[in-house]
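[1] My questions concern the predicted model and sequence given below.
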Amino acid sequence: MGDSDRRSSQRIPGKYEINFIHEGDYLISFSKDISVDGMFIQTESTLTVGELTQLTFSIGEIEQISVDAKVVWVNDSESSGDPGMGVQFVDPPERLKDTILGIVKRVAVLEP
């Protein structure tokens with residue numbers, strides 16, 4: 001099953017600075033894409049599948065928001081493709097979902 005088969009919502013490219021804690025270290029990485037359900041974070045400091053973390057980032061009109069996320073898949077640096085991890089948001093605030101959905105809709109209108 002491909003990634004698009006598992007996703008329940010549209011994912012769009014989006015580079016946002018993402019802050020999270022891994023093994024006691026405060027890390028800064030960037031997203032590659034985002035949806036109302038989650039995002040892919042480009043990083044070589046991946047967490048393990050099933051691990052929970054808190055992400056902090058800015059998006060749209062939201063200056064800074066924190067949301068819990070669960071790692072659902074990992075692409076390590078030795079795998080093909082970008083190193084990083086796919087995370088699923090855990091109980092994201094409505095404000096965040098509405099902001100992401102607005103961005104997704106704008107991008108969908110611009111795509112041919």
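    Cool, got the structure. Residues are numbered from 1 along each chain as shown.

[2] In stretch 47-56, which residues are buried?
    By neighbour count with 16 or more other Cβ atoms under 10 Å, stretch 47-56 contains the buried residues 47, 53, 55. Any C-beta I mention is one placed from the backbone N, CA and C, and that applies to glycine too.

[3] swap that for stretch 88-103, sorry
    Neighbour-count burial for stretch 88-103 flags 89, 92, 96-97, 99-100, 103 (criterion: 16+ other Cβ under 10 Å).

[4] residues touching residue 60, list them.
    Taking Cβ atoms under 8 Å, 6 or more residues apart in numbering, we find residue 60 in contact with 99-100, 102-103.

[5] From residue 97, how far out is it?
    For residue 60, the distance to residue 97 (Cβ to Cβ, to the nearest Å) stands at 11 Å.

[6] Could you list the paired strands of the lengthiest strand in the chain along with their orientation?
    Taking DSSP state E as the criterion, the chain has its longest strand at strand 62-75. According to DSSP bridges, strand 62-75 forms sheet pairs with strand 52-59 (antiparallel), strand 84-90 (antiparallel).

[7] any idea of the mean pLDDT in the last one?
    Averaged across strand 84-90, pLDDT comes to 96.

[8] picking that back up, which one of the contacts of residue 60 is nearest residue 22?
    residue 100 (23.4 Å; Cβ to Cβ).

[9] And the pLDDT at that closest one?
    93.

[10] Next secondary structure element downstream of the helix or strand bottoming out on mean pLDDT in the chain?
    Counting by mean pLDDT, DSSP states H and E, the weakest-scoring helix or strand in the chain turns out to be helix 3-6, with a mean of 48. Next along the chain after helix 3-6, taking DSSP states H and E as the criterion, comes strand 12-13.

[11] Many thanks, have a good one.
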